[in-house]
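A.B. asks: have a look at this prediction, sequence included:
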Amino acid sequence: MLPFARALRNAGTDEGLAVWTLRNRYRGWNGAAMSPVQDARWALNHISHEHPGVPIYLLGHSMGGLTALCVADHPQVEAVVALAPWLNAETPVERVAGRRILIVHGTEDRWTSPGNSLAYARRADGVAESVDYVSLKGAGHFMFRRLHLWNLLANGFILDAFAGGSRPDPHGGAGSFRSLLPAAASLPVVL
């Protein structure tokens, strides 16, 4: 995720966008303990304390995508990007209520399920403020194939959300993201 963080930092720092990366204390989901969720909630509380009322945008890959969706109910979270998230039928959608959501999944992913991601997006549609789901033809779980498009979608979505909250984005984040999707697209968009 470091290339995504670096690109966001380069595109948004001059306009006031701050970027943090979270390193979890433990590897894995760890069953009922859901340690990545605990770590993410700790980070969100820390950010909220330091920057009360400032909108927060989350970006995660795989288990990080699941984690981002699970903590989207934090009051300052406005948008979430989940890349190849680790989802199933029990993943709750109530936590994304009122948030903007983007899920991107490669059609050749063998680690996490593109079908589960699309099913989640469909369940979240009508709960979230907006849901975009993009299926990347030929891309796998580790984002090696079509990396530029993964990056354009994820970072463009974050920059679009950031610009929508305050001022026009001078780097074209909104245009970069929206120009990739067909107008009035339904789920899924296939690129």
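C.D. replies: Nice, I can see it.
A.B. asks: every contact and neighbour count from this point should use C-alpha atoms.
C.D. replies: Fine.
A.B. asks: just say helix, strand or coil for the one residue sitting closest to the centre of the chain.
C.D. replies: The centroid of the chain falls nearest to Val81 when counting by Cα atoms, centre = their mean (1.0 Å). Per DSSP: H, G, I helix; E, B strand; the rest coil, the secondary structure class of Val81 is strand.
A.B. asks: confidence score at it?
C.D. replies: pLDDT, Val81: 98.
A.B. asks: can I assume it is in contact with Ile101?
C.D. replies: Yes: assessed by Cα atoms under 8 Å, Val81 is found in contact with Ile101 at 6.0 Å.
A.B. asks: give the buried residues for stretch 88-101.
C.D. replies: 91, 93, 95-101 (16 or more other Cα atoms under 10 Å).
A.B. asks: of those residues, closest to Gly115?
C.D. replies: For the buried residues of stretch 88-101, the closest approach to Gly115 (Cα to Cα) belongs to Thr91, at 13.3 Å.
A.B. asks: re earlier: in TSV: the buried residues of stretch 88-101, plus distance to Gly164.
C.D. replies: Shown next, in TSV, are the buried residues of stretch 88-101 (distance: Cα to Cα, whole Å):
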residue	distance to Gly164
Thr91	28
Val93	23
Arg95	22
Val96	18
Ala97	18
Gly98	15
Arg99	13
Arg100	11
Ile101	14
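A.B. asks: give me the subset of the residues you listed that lies in strands.
C.D. replies: Using DSSP state E, the members of the buried residues of stretch 88-101 that fall in strands are 100-101.
A.B. asks: could you dump the buried residues of stretch 88-101 into JSON lines with pLDDT added?
C.D. replies: JSON lines is the format used below for these (pLDDT from 0 to 100):
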{"residue": "Thr91", "pLDDT": "95"}
{"residue": "Val93", "pLDDT": "97"}
{"residue": "Arg95", "pLDDT": "98"}
{"residue": "Val96", "pLDDT": "98"}
{"residue": "Ala97", "pLDDT": "98"}
{"residue": "Gly98", "pLDDT": "97"}
{"residue": "Arg99", "pLDDT": "98"}
{"residue": "Arg100", "pLDDT": "97"}
{"residue": "Ile101", "pLDDT": "97"}
